[in-house]
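# Prediction below, plus the sequence it came from.
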Amino acid sequence: MSKSIFRKLYNSTVVWYHGTTSIQVTSLKNGINVYHSKRNCDFGIGFYVTSKYNQAVKWARRKTKDELPFNSNVKPVVLSYQFQTSADIETKIFEIDKEYFQFVYQNRLELDAKTGMNNHKFSSVFGPVLDGQVTRLKVTLIDYFKGINSLEKTAGILLGKYQDDTQLCICDQKIADRLILVKEEFI
């Protein structure tokens with residue numbers, strides 16, 4: 001697998017996108033709270049954005065579909081952000097390799113969600129997105145760690161429909177406070 005694809009993508013990204021719902025927009029405009037996060041995500045607890053607009057649209061539509069049974073007025077929204085300054089942000093950037101798979105395994109399957117604490121000390125983490133099915137993830141990664149599946153086969157299984165997707169998890173509140181909302185778009 002090619003090295004540095006995700007590093008180049010991270011370094012060239014100027015605008016970051018967050019897919020959400022109209023219900024959440026006011027709260028996000030009032031300030032991002034990195035601890036108000038779903039647990040057991042690929043990169044742990046944090047505020048997730050992507051370098052890809054179309055991916056944020058998919059996230060917004062999925063979140064809206066989940067909220068529709070509770071609120072028929074909910075709409076999908078993409079928020080676009082830029083960093084005030086990003087020069088001194090230390091970001092762990094993952095490529096598709098064993099280190100990445102081990103990191104995701106720890107965050108998805110070994111994170112103690114009750115503590116509200118990450119298993120790592122990174123301020124932010126960037127890399128690919130894995131399929132959300134926990135059972136498939138666990139079985140496939142265990143087979144990879146045992147040497148049953150190759151890196152390429154494991155990536156093919158777990159990246160699935162997310163082959164071209166990216167994610168930046170902002171884990172440090174000080175970093176999240178540097179995000180500036182530049183655009184709000186109802187989809």
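Received it, and whenever you're ready, just let me know what you need. Numbering: from 1, shown residues only.

# thinking Asn40 is in contact with Tyr105, fair?
No: contact status for Asn40 versus Tyr105: not in contact, 11.0 Å apart, counting by Cβ atoms under 8 Å. The way it works is simple: take the backbone N, C-alpha and C, and place the C-beta from them, glycine included.

# Neighbour count for the two, which is higher?
A count of neighbours by other Cβ atoms under 10 Å puts Tyr105 above the other of Asn40 and Tyr105, at 19 against 16.

# Tell me how far the more buried one lies from Ile142.
Distance check for Tyr105 against Ile142: by Cβ to Cβ, to the nearest Å, it reads 9 Å.

# Repeat that for Ser37.
Separation of Ser37 from Ile142 (Cβ to Cβ): 26 Å.

# One more: Gln173?
Separation of Gln173 from Ile142 (Cβ to Cβ): 34 Å.

# shaky segments in this structure?
1-3, 85-87, 113-114 (pLDDT under 70).

# all strands in it, in order from the N-terminus.
Along the chain, the segments classed as strands by DSSP state E run 16-21, 47-49, 76-83, 91-93, 124-128, 166-170, 179-186.

# Now render the ones you listed as TSV, adding distance to Ile5.
Output for the strands of the chain, formatted as TSV (distance: least, Cβ to Cβ, whole Å):
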stretch	distance to Ile5
strand 16-21	18
strand 47-49	18
strand 76-83	21
strand 91-93	10
strand 124-128	9
strand 166-170	10
strand 179-186	24
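
# Dump those into TSV; add mean neighbour count and distance to Lys63 as well.
TSV is the format used below for the strands of the chain (neighbours: other Cβ atoms under 10 Å; distance: least, Cβ to Cβ, whole Å):
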stretch	mean neighbour count	distance to Lys63
strand 16-21	22	5
strand 47-49	24	11
strand 76-83	20	7
strand 91-93	19	25
strand 124-128	24	20
strand 166-170	24	15
strand 179-186	13	13
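
# Any idea which of those strands gets closest to Lys153?
Lys153 sits nearest to strand 124-128 of all these, at 15.5 Å, using Cβ to Cβ.

# Give the residue farthest from the middle of the protein.
Ile148 (27.7 Å; Cα atoms, centre = their mean).

# how near is that one to Arg108?
For Ile148, the distance to Arg108 equals 19 Å [Cβ to Cβ].

# how close does Met117 sit to Lys58?
Counting by Cβ to Cβ, the gap from Met117 to Lys58 is 29 Å.
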